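Asker: got a structure for you, letters missing:
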């Protein structure tokens, strides 16, 4: 995943699909699993949620370091 924005968009697509009672795109799920291999065993909705939380934590840390 190149940017945290793309990562967040991917995770949101996965959650949106699940919310709409559809299967998320397999490539999106695989991208999330590749980004966070330690979370790969989680159900897709939890994986997407935890990836979002990780991305936001990394972003906050980067912003704090830039200050």
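Answerer: All right, it came through fine. None of these values were measured; they are calculated from a predicted model.
Asker: any weak-confidence spans in the chain?
Answerer: Residue ranges of the chain with pLDDT under 70: 1-3.
Asker: OK, contacts around residue 54?
Answerer: By CB atoms under 8 Å, 6 or more residues apart in numbering, residue 54 lies in contact with residue 36. For glycine as for every other residue, the C-beta is placed from the backbone atoms N, C-alpha and C.
Asker: helix, strand or coil for residue 18?
Answerer: Assigned state for residue 18: helix (three-state reduction, DSSP: H, G, I helix; E, B strand; the rest coil).
Asker: wait, it sits on residue 24?
Answerer: Yes. Taking contacts as CB atoms under 8 Å, residue 18 lies within contact range of residue 24: 6.2 Å.
Asker: which neighbours do these two share?
Answerer: 44, 48.
Asker: Who has more neighbours out of those two?
Answerer: residue 24 (21 against 15; other CB atoms under 10 Å).
Asker: Is the more buried one in a helix, a strand, or coil?
Answerer: The assignment at residue 24 comes out as coil when based on three-state DSSP.
Asker: Same check on residue 42?
Answerer: coil.
Asker: Can you give me the neighbour number for it?
Answerer: 16.
Asker: Ignoring the adjacent residues along the chain, who's closest to it?
Answerer: In space, and not counting its chain neighbours, residue 42 is closest to residue 50: 6.6 Å by CB to CB, 6 or more residues apart in numbering.
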